[in-house]
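[1] please find the sequence and the predicted model below.
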Amino acid sequence: MIDFDALYAQHSGSVFRFALSLSGNRAMAEDITAETFVRVWGARDRVDIATVIGYLMTIARHLYLEQWRAERGREGLEGDREDAAPGPHELAASRAELDAVLADLQTLAEPDRAALLMRSQDQMPYEEIAAALKISAGAAKVKVHRARRRIAALRMTREGASS
(Lines give C-alpha, C1' and ligand atoms only; values in the text may rest on other atoms or scores of the structure.)
Protein backbone atom coordinates (compact mmCIF):
# COMPACT_ATOMS: atom_id res chain seq x y z
CA MET A 1 0.00 0.00 0.00
CA ILE A 2 1.26 3.47 -0.87
CA ASP A 3 1.76 6.39 1.47
CA PHE A 4 -0.93 8.60 -0.04
CA ASP A 5 0.10 11.77 1.84
CA ALA A 6 3.67 11.47 0.56
CA LEU A 7 2.44 10.69 -2.94
CA TYR A 8 0.24 13.79 -2.95
CA ALA A 9 2.97 16.01 -1.50
CA GLN A 10 5.49 14.80 -4.06
CA HIS A 11 3.37 14.85 -7.23
CA SER A 12 0.41 17.23 -6.82
CA GLY A 13 2.41 20.21 -8.10
CA SER A 14 3.45 18.35 -11.24
CA VAL A 15 -0.09 17.15 -11.90
CA PHE A 16 -1.42 20.71 -11.42
CA ARG A 17 1.19 22.22 -13.78
CA PHE A 18 0.43 19.54 -16.37
CA ALA A 19 -3.32 20.15 -16.11
CA LEU A 20 -2.83 23.93 -16.25
CA SER A 21 -0.67 23.63 -19.33
CA LEU A 22 -3.22 21.38 -21.02
CA SER A 23 -6.25 23.47 -20.17
CA GLY A 24 -4.93 27.01 -19.80
CA ASN A 25 -7.50 27.42 -17.00
CA ARG A 26 -6.55 27.49 -13.31
CA ALA A 27 -9.95 26.38 -11.98
CA MET A 28 -10.09 23.47 -14.40
CA ALA A 29 -6.52 22.49 -13.50
CA GLU A 30 -7.40 22.50 -9.80
CA ASP A 31 -10.44 20.30 -10.47
CA ILE A 32 -8.41 17.89 -12.60
CA THR A 33 -5.69 17.66 -9.95
CA ALA A 34 -8.18 16.94 -7.19
CA GLU A 35 -10.07 14.35 -9.23
CA THR A 36 -6.80 12.68 -10.28
CA PHE A 37 -5.88 12.05 -6.66
CA VAL A 38 -9.42 10.95 -5.78
CA ARG A 39 -9.12 8.29 -8.47
CA VAL A 40 -5.68 7.23 -7.28
CA TRP A 41 -7.06 6.95 -3.74
CA GLY A 42 -9.72 4.59 -5.04
CA ALA A 43 -7.08 2.43 -6.73
CA ARG A 44 -4.35 2.80 -4.10
CA ASP A 45 -3.98 -0.95 -3.60
CA ARG A 46 -3.15 -1.41 -7.29
CA VAL A 47 -0.80 1.56 -7.79
CA ASP A 48 2.80 0.72 -8.71
CA ILE A 49 4.95 3.41 -7.12
CA ALA A 50 7.67 2.90 -9.77
CA THR A 51 5.37 4.14 -12.55
CA VAL A 52 3.06 6.37 -10.52
CA ILE A 53 3.92 9.64 -12.29
CA GLY A 54 2.92 8.19 -15.66
CA TYR A 55 -0.28 6.85 -14.09
CA LEU A 56 -1.09 10.27 -12.58
CA MET A 57 -0.46 12.10 -15.87
CA THR A 58 -2.58 9.59 -17.78
CA ILE A 59 -5.48 10.11 -15.39
CA ALA A 60 -5.10 13.91 -15.55
CA ARG A 61 -5.00 13.83 -19.35
CA HIS A 62 -8.11 11.66 -19.56
CA LEU A 63 -9.95 13.97 -17.16
CA TYR A 64 -8.94 16.99 -19.26
CA LEU A 65 -10.14 15.27 -22.43
CA GLU A 66 -13.47 14.41 -20.79
CA GLN A 67 -14.00 18.04 -19.77
CA TRP A 68 -12.82 19.34 -23.14
CA ARG A 69 -15.25 17.07 -25.01
CA ALA A 70 -18.10 18.10 -22.72
CA GLU A 71 -17.41 21.79 -23.29
CA ARG A 72 -16.52 21.57 -26.98
CA GLY A 73 -20.15 21.85 -28.02
CA ARG A 74 -20.73 24.98 -25.98
CA GLU A 75 -17.67 27.06 -26.74
CA GLY A 76 -17.51 30.13 -24.50
CA LEU A 77 -15.88 33.49 -24.90
CA GLU A 78 -12.26 33.54 -25.93
CA GLY A 79 -11.25 34.87 -22.49
CA ASP A 80 -12.61 31.75 -20.76
CA ARG A 81 -9.42 29.86 -21.61
CA GLU A 82 -7.07 32.36 -20.02
CA ASP A 83 -5.85 32.05 -16.45
CA ALA A 84 -6.58 35.46 -14.92
CA ALA A 85 -6.11 34.42 -11.27
CA PRO A 86 -2.82 35.01 -9.47
CA GLY A 87 -0.59 31.98 -9.63
CA PRO A 88 2.27 30.58 -11.65
CA HIS A 89 2.23 33.50 -14.11
CA GLU A 90 3.20 36.00 -11.45
CA LEU A 91 6.21 33.92 -10.50
CA ALA A 92 7.54 34.15 -14.05
CA ALA A 93 10.13 36.79 -14.90
CA SER A 94 8.25 37.75 -18.04
CA ARG A 95 4.47 37.40 -17.94
CA ALA A 96 4.10 38.32 -21.59
CA GLU A 97 6.47 35.54 -22.71
CA LEU A 98 4.81 32.96 -20.47
CA ASP A 99 1.37 33.90 -21.77
CA ALA A 100 2.64 33.64 -25.34
CA VAL A 101 4.12 30.19 -24.69
CA LEU A 102 0.87 28.99 -23.10
CA ALA A 103 -1.05 30.31 -26.11
CA ASP A 104 1.43 28.56 -28.41
CA LEU A 105 0.89 25.31 -26.49
CA GLN A 106 -2.86 25.61 -27.10
CA THR A 107 -2.22 25.61 -30.86
CA LEU A 108 -0.70 22.13 -30.69
CA ALA A 109 -2.87 19.08 -31.20
CA GLU A 110 -3.74 17.63 -27.78
CA PRO A 111 -1.64 14.44 -28.08
CA ASP A 112 1.39 16.48 -29.19
CA ARG A 113 0.87 18.97 -26.34
CA ALA A 114 0.50 16.15 -23.81
CA ALA A 115 3.66 14.40 -25.06
CA LEU A 116 5.68 17.64 -24.94
CA LEU A 117 4.48 18.52 -21.45
CA MET A 118 5.13 15.04 -20.06
CA ARG A 119 8.67 15.16 -21.43
CA SER A 120 9.60 18.77 -20.66
CA GLN A 121 7.83 19.34 -17.34
CA ASP A 122 8.16 15.93 -15.76
CA GLN A 123 11.16 14.49 -17.62
CA MET A 124 9.13 11.35 -18.27
CA PRO A 125 10.93 8.67 -20.30
CA TYR A 126 9.65 8.24 -23.83
CA GLU A 127 8.50 4.73 -22.98
CA GLU A 128 6.15 6.07 -20.27
CA ILE A 129 4.89 8.81 -22.57
CA ALA A 130 4.24 6.17 -25.22
CA ALA A 131 2.33 4.03 -22.73
CA ALA A 132 0.24 7.00 -21.55
CA LEU A 133 -0.64 7.98 -25.13
CA LYS A 134 -0.93 4.38 -26.37
CA ILE A 135 1.67 4.88 -29.11
CA SER A 136 5.17 3.51 -29.76
CA ALA A 137 8.24 5.05 -28.11
CA GLY A 138 9.44 6.15 -31.54
CA ALA A 139 6.15 7.92 -32.20
CA ALA A 140 6.42 9.61 -28.79
CA LYS A 141 9.89 10.92 -29.70
CA VAL A 142 8.56 12.22 -33.02
CA LYS A 143 5.59 13.95 -31.30
CA VAL A 144 7.89 15.67 -28.78
CA HIS A 145 10.37 16.71 -31.49
CA ARG A 146 7.67 18.12 -33.77
CA ALA A 147 5.96 19.92 -30.89
CA ARG A 148 9.26 21.54 -29.88
CA ARG A 149 9.89 22.62 -33.48
CA ARG A 150 6.37 24.08 -33.75
CA ILE A 151 6.76 26.05 -30.50
CA ALA A 152 10.18 27.32 -31.62
CA ALA A 153 8.79 28.37 -35.01
CA LEU A 154 5.91 30.24 -33.35
CA ARG A 155 8.37 32.00 -31.06
CA MET A 156 10.61 33.00 -33.98
CA THR A 157 7.58 34.34 -35.85
CA ARG A 158 6.49 36.30 -32.78
CA GLU A 159 9.97 37.74 -32.22
CA GLY A 160 10.27 38.63 -35.91
CA ALA A 161 6.95 40.44 -35.79
CA SER A 162 7.95 42.49 -32.74
CA SER A 163 11.30 43.61 -34.22
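    Ah, there it is.
[2] for the protein, what's the longest helix?
    If you go by DSSP state H, the chain has its longest helix at helix 137-162.
[3] just the buried residues of the strand or helix carrying Ala29, please?
    Assessed by DSSP states H and E, Ala29 sits inside helix 26-42. Of the residues in helix 26-42, 26, 28-29, 31-33, 35-37, 39-40 count as buried by neighbour count, 16 or more other C-beta atoms under 10 Å. In short, each C-beta sits where N, CA and C put it, glycine included.
[4] okay, domains of the chain per the record?
    Residue ranges for the domains of the chain, per automatic domain parsing: 1-83, 93-163.
[5] out of the ones you listed, which gets the lowest mean score?
    Lowest mean pLDDT of the domains of the chain: domain 1-83, a mean of 83.
[6] what comes up buried for the longest helix of the chain?
    Quick answer for helix 137-162 (16+ other C-beta under 10 Å): 139-140, 143-144, 147, 150-151, 154.
[7] what do you get for stretch 40-60?
    Residues of stretch 40-60 classed as buried by neighbour count (16+ other C-beta under 10 Å): 40, 47, 51, 53-60.
[8] who's in contact with the residue most central in space within the chain?
    With distances taken as C-alpha atoms, centre = their mean, the residue of the chain nearest its centroid is Phe18 (2.9 Å). Listed by C-beta atoms under 8 Å, 6 or more residues apart in numbering, the contact set of Phe18 reads 57, 60-61, 117-118, 121-122.
[9] now with 10 Å?
    Counting by C-beta atoms under 10 Å, 6 or more residues apart in numbering, Phe18 makes contact with 11, 29, 32-33, 36, 53, 56-57, 60-61, 64, 114, 117-118, 121-122.
[10] quick one: list the elements packing against the helix or strand hosting Glu97.
    Per DSSP H and E, Glu97 falls inside helix 95-107. The contact analysis (3 or more C-beta pairs under 10 Å, 6 or more residues apart in numbering; DSSP states H and E) places helix 95-107 against helix 4-23, helix 88-91, helix 110-122, helix 137-162.
[11] save these as a markdown table, and put in distance to Leu98 too.
    Shown next, in a markdown table, are the helices and strands packed on helix 95-107 (distance: least, C-beta to C-beta, whole Å):
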| stretch | distance to Leu98 |
| --- | --- |
| helix 4-23 | 11 |
| helix 88-91 | 6 |
| helix 110-122 | 14 |
| helix 137-162 | 12 |
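[12] of all those, which lies closest to Ala103?
    helix 137-162 (8.7 Å; C-beta to C-beta).
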